[in-house]
Structure formats: C-alpha cells, structure tokens
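*Asks:* Okay, predicted coordinates and the sequence, questions at the end:
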Amino acid sequence: MVEKTSKWESELWTYMSSGDGTQCPLRSDCKVRKSGFWCPTDNLAPITRLLDDRQFNPSEWDDWDDFAKGARLCRIFRLVEMLAGELINRGRLRCPPVPIRLIKLADEQHTIEVHLLPLTTYHGAIWHPRGRWIIQLKGDDSSAIQRLTLFHEAFHIIAHCRTTPVFRKRGAIQGSFNELLGDYFAGCVLMPREWVAQKWSEVEDVGRMAEIFDVPRSLMCIRLRELGLI
C-alpha cells in the first residue's frame, strides 16, 4: 500500500516543483522579503561562506542572525525542517549522534551505496545508475564534514523521488537555492532542535556539543545561534 503524503509535505514538493532550483519559488510573493527580513535567495554567497567550515568567520554573525530570522519565518525552510524531523522519526532515533545508516531511509526502494574517494573539487557527488544510488564522499574530509555532505545528498535523493529530478540541472548556478535547502536539511537532521536544546542545557560548551553530534564546530555554532541558545 502506498503511504499517503501529508499535507505539509505535498506543499513542500509543490513549491519545489514550481521552481527551477536557482531561486526560492516563493520569492516573487515572499512575505519575509516584503517585511524587510534578509532573504536567503538574495544572499547565497555569505550564507555559503557561513556554512563552509573552511571559510567560517565569527565576525559574520550579523549575517547569520539576519538569515536565521528570515529562515524562521520562511515557509519553505520550515517545511524542510519538518522533512528532516520526519526522517529522524522514521529512524526511531532519540539521541545524538545520528547514525549514517539513516541514509537508507532516503529511498527505501533502491540501494544507496556510499563510497569514499579522493575528490578534489567537491565534498560529495551523487549518481543514479541502473536504479541504484551512489554517493561519493571526499575521503580526506573529517567524519563531521562527510556526515553533513551525506545528508545533503539525502535531501536530493528524497526530492528526486518525490518531485524534482536531481539530474535536470543546467548551467553553472542552476540549483543554487536547492543546494542551500540541502545544507539546511542536513543541519536539521544532524542537529534536531529539541536534541540541541536539551544537550546544551547539560553541556554549554560548543566544542563538546560538536563532538557529541559529530558535526563541524562552525555548524554547531550556527545552529546554537539560530535556536537562540548563544
């Protein structure tokens, strides 16, 4: 029996299928932008720097605060976080760190293989040959970066299965907004807000939190800031 798609998830896929992946499909009539908040679509470059552990600069906190305010109000980001929460619930997980076996739930109808390779240009890549998925991860990356990349690719697999084929991207910047959604999804999977809030009340140390959740320290800083915990 085919599982019925929830109303909120149908809404997410409707939005994604209506856009080209380059910009937010809600951009033209976005209440967040009209209210003067920082629009993620208009600020992809600084957001990308904030999300890249190699380029992380605490002096750009003001940029992140502006993005966090917009993301909390932006409907599509809220729906992506709900999608991440659904994956956590389906995996019946209760505490960090999120195991990489959760990736199998991104597409239960097809095999998902993960290969570590000496990639040079990207942290990861995804292929879909003969009805199976192959995720390539940069072998030199830390476990934390590999996990982030893995669940970023999981978002693309889920989107491919539900609405937006991964391999219909064209041009150098095509898919840039969807890449941001993939990063946000991965962060929400690896750092569910309830888990982060609970552990922070016990630990109150950013480095230790990054170790517990097995995520880059920069991403833990960002998540804690987004949730108003630091």
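*Replies:* Great, that's in hand.
*Asks:* hey, let's count contacts and neighbours off CA atoms from now on
*Replies:* Will do.
*Asks:* Give me the contacts around stretch 194-202.
*Replies:* Applying CA atoms under 8 Å, 6 or more residues apart in numbering, the external contacts of stretch 194-202 come out as C95, P96, M209, L224, L227, L229.
*Asks:* Mind doing that once more with 7 Å?
*Replies:* Contacts to stretch 194-202, defined as CA atoms under 7 Å, 6 or more residues apart in numbering, come from residues C95.
*Asks:* Could you do stretch 90-107 as well?
*Replies:* With contacts defined as CA under 7 Å, 6+ apart, stretch 90-107 is touched by I112, F151, A154, I157, I158, L190, W195, I212, F213, D214.
*Asks:* list the contacts for the closest residue to the first one other than its chain neighbours?
*Replies:* In space, and not counting its chain neighbours, I112 is closest to W133: 4.6 Å by CA to CA, 6 or more residues apart in numbering. Residues in contact with W133, defined by CA under 7 Å, 6+ apart, are T111, I112, E113, W127.
*Asks:* Phi and psi next, for W133.
*Replies:* phi -110, psi 140 (degrees, to the nearest 10).
*Asks:* same thing with R92?
*Replies:* Reported as degrees, to the nearest 10, the phi and psi values for R92 are phi 60, psi 40.
*Asks:* ok now stretch 222-230, how far from the chain's centre?
*Replies:* Taking CA atoms, centre = their mean, to the nearest Å, one finds stretch 222-230 lying 16 Å from the centre of the chain it belongs to.
*Asks:* got the end-to-end distance for that stretch?
*Replies:* 9 Å (CA to CA, to the nearest Å).
*Asks:* One more: stretch 92-110?
*Replies:* Length of stretch 92-110, first residue to last, CA to CA: 21 Å.
*Asks:* Report the next helix or strand after the helix or strand where A197 lies in sequence order.
*Replies:* Element membership of A197, judged by DSSP states H and E, is helix 193-203. Using DSSP H and E, the helix or strand that follows helix 193-203 towards the C-terminus is helix 206-213.
*Asks:* Pull out the buried positions in stretch 208-225.
*Replies:* Within stretch 208-225, the residues scored as buried using 16 or more other CA atoms under 10 Å are 209-210, 212-224.
*Asks:* ok, which pair from those residues is furthest apart?
*Replies:* Spanning the widest gap among the buried residues of stretch 208-225 are I212 and I222, at 15.6 Å by CA to CA.
*Asks:* which residues of the protein fall in strands?
*Replies:* Applying DSSP state E to the chain gives strands spanning 112-117, 124-127, 133-138.
*Asks:* if you compare these, which one is most tucked away?
*Replies:* Comparing the strands of the chain by mean neighbour count (mean count of other CA atoms under 10 Å), strand 133-138 comes out on top with a mean of 20.
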